[in-house]
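Q: sequence first, predicted model second:
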Amino acid sequence: MSPQASDQYLLEGLKRLCENAIGQGLTAETVINTFEYSEQFSAPQLGRRCLLYVLEHYDEVFKLYDNPRDRPQYFD
C-alpha cells in the first residue's frame, strides 16, 4: 500500500503495525535497503529502528561493505 493510500484512508495504525513487523525481521543484509524503503514510504518508526539496528550491529553490517565506496553515503 502506498504511503498516500495509508494517509488517505487513515490507516496509520496498520502502517505502524507493518513497520513493527518489518523491523522485527531486520538483518545485517536487509537493514540498508529497509532504511531506504522507510524513507521512500514515509515510515519514520521503521527508519529509526533501522538506524538503531545499524548502531547495535555496526561491525556485522559494515563487514558486508569492505570497500568504502560500496557503503551508502549517509552512513559514512
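A: Yep, that arrived.

Q: tell me how far the residue nearest the centre of the chain lies from Cys50.
A: Geometric centre of the chain, nearest residue: Phe35, 2.5 Å, by C-alpha atoms, centre = their mean. Separation of Phe35 from Cys50 (C-beta to C-beta, to the nearest Å) stands at 4 Å. Bear in mind the C-beta positions are built from the backbone N, C-alpha and C, glycine included.

Q: likewise Pro72?
A: Distance of Pro72 to Cys50, given as C-beta to C-beta: 11 Å.

Q: please enumerate the shared neighbours of those two.
A: Ile32 (C-beta atoms under 8 Å, 6 or more residues apart in numbering).

Q: and those two? Which one has more around it.
A: When Pro72 and Cys50 are compared on other C-beta atoms under 10 Å, the one with more neighbours turns out to be Cys50, at 24 against 11.

Q: which ones are touching that one?
A: Taking C-beta under 8 Å, 6+ apart as the test, what Cys50 contacts is 23, 26, 31-32, 34-35, 38.

Q: just say helix, strand or coil for it.
A: helix (DSSP: H, G, I helix; E, B strand; the rest coil).

Q: wait, what's in contact with Ala28?
A: Residues counted as contacts of Ala28 (C-beta under 8 Å, 6+ apart) are 57, 60-61, 63-64.

Q: and the contacts of Cys50, which two are furthest apart?
A: Gly23 and Ile32 (14.0 Å; C-beta to C-beta).

Q: related to what we said a few turns ago, neighbour-wise, which one of the contacts of Ala28 leads?
A: Highest neighbour count within the contacts of Ala28: Val61, with 20 neighbours (other C-beta under 10 Å).

Q: helix, strand or coil for it?
A: At Val61 the chain is in helix, as set by three-state DSSP.

Q: which one is it nearest to, not counting chain neighbours?
A: Leaving out its chain neighbours, the residue that sits closest to Val61 by C-beta to C-beta, 6 or more residues apart in numbering is Ala28, at 4.7 Å.

Q: shaky segments in this structure?
A: 1-10, 74-76 (pLDDT under 70).

Q: now do the SS call for the residue lying closest to Arg71 once chain neighbours are set aside.
A: Nearest in space to Arg71, with sequence neighbours left out and distances taken as C-beta to C-beta, 6+ apart, is Tyr65 at 4.4 Å. Three-state call for Tyr65 (three-state DSSP): coil.
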